[in-house]
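A.B. asks: Quick one: sequence plus predicted model below, questions after.
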Amino acid sequence: MAATVVFCLQDIAKATRVTTTAWEKRNYFLKADRFRLQWEWVTPAAESLCDLIIKEQWERLPRELAELAPHFSDIRVARMSRDPSTWQGNYHRLLAQENESAHEA
């Protein structure tokens with residue numbers, strides 16, 4: 001499940017880049033900068049969470065997740081159930097992604 005959070009944070013970072021690029025093309029530089037600043041925490045959070053997963057430092061997981069909570073405090077989930085397929089296989093997918101990144105560097 002933690003790997004799924006990493007992928008979601010990475011998707012937010014990508015969406016932020018796409019959005020700000022589109023706004024800058026329309027000369028909405030101030031709006032793009034504000035939006036970028038609002039979401040600047042996402043990439044470091046994804047990297048930190050990914051790092052602890054790769055290094056299997058599971059004792060750090062509760063603290064890392066707790067640090068994310070304030071960023072999502074305004075989101076209300078009506079029902080706490082998700083199909084397990086939402087996160088199944090994401091741990092191995094994350095390990096494979098990081099292994100590929102390490103070989104490219």
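C.D. replies: Arrived safely, thanks for sending.
A.B. asks: When you work out contacts or count neighbours from here on, use the C-alpha atoms and nothing else.
C.D. replies: Will do.
A.B. asks: you'd agree Arg60 is up against Cys50?
C.D. replies: No - the criterion here is Cα atoms under 8 Å, and Arg60 misses it with Cys50 at 11.3 Å.
A.B. asks: Can you pull out the low-pLDDT segments for this protein?
C.D. replies: Across the chain, residues meeting the criterion (pLDDT under 70) sit at 80, 105.
A.B. asks: hang on, the earlier thing: which of Arg60 and Cys50 has more neighbours?
C.D. replies: Between Arg60 and Cys50, counting by other Cα atoms under 10 Å, Cys50 is the more crowded of the two (21 against 13).
A.B. asks: Now the more buried one: phi and psi?
C.D. replies: Torsion angles at Cys50 (phi, psi; degrees, to the nearest 10) stand at phi -60, psi -40.
A.B. asks: so what's the closest residue to it other than its chain neighbours up against?
C.D. replies: Once flanking residues are discounted, Cys50 sits nearest to Val6: 6.3 Å by Cα to Cα, 6 or more residues apart in numbering. Applying Cα atoms under 8 Å, 6 or more residues apart in numbering, we find Val6 in contact with Ala46, Glu47, Leu49, Cys50.
A.B. asks: now those residues in CSV, with secondary structure and distance to His71?
C.D. replies: Below are the contacts of Val6 laid out as CSV (DSSP: H, G, I helix; E, B strand; the rest coil; distance: Cα to Cα, whole Å):
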residue, secondary structure, distance to His71
Ala46, helix, 13
Glu47, helix, 16
Leu49, helix, 15
Cys50, helix, 18
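A.B. asks: If any of those are buried, give me the ChimeraX selection for them.
C.D. replies: Buried residues among the contacts of Val6 (16 or more other Cα atoms under 10 Å), as a ChimeraX selection:
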select :46,49,50
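A.B. asks: Quick one: the contacts of Val6 as a markdown table, columns for distance to Gln38 too.
C.D. replies: Below are the contacts of Val6 laid out as a markdown table (distance: Cα to Cα, whole Å):
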| residue | distance to Gln38 |
| --- | --- |
| Ala46 | 15 |
| Glu47 | 18 |
| Leu49 | 19 |
| Cys50 | 21 |
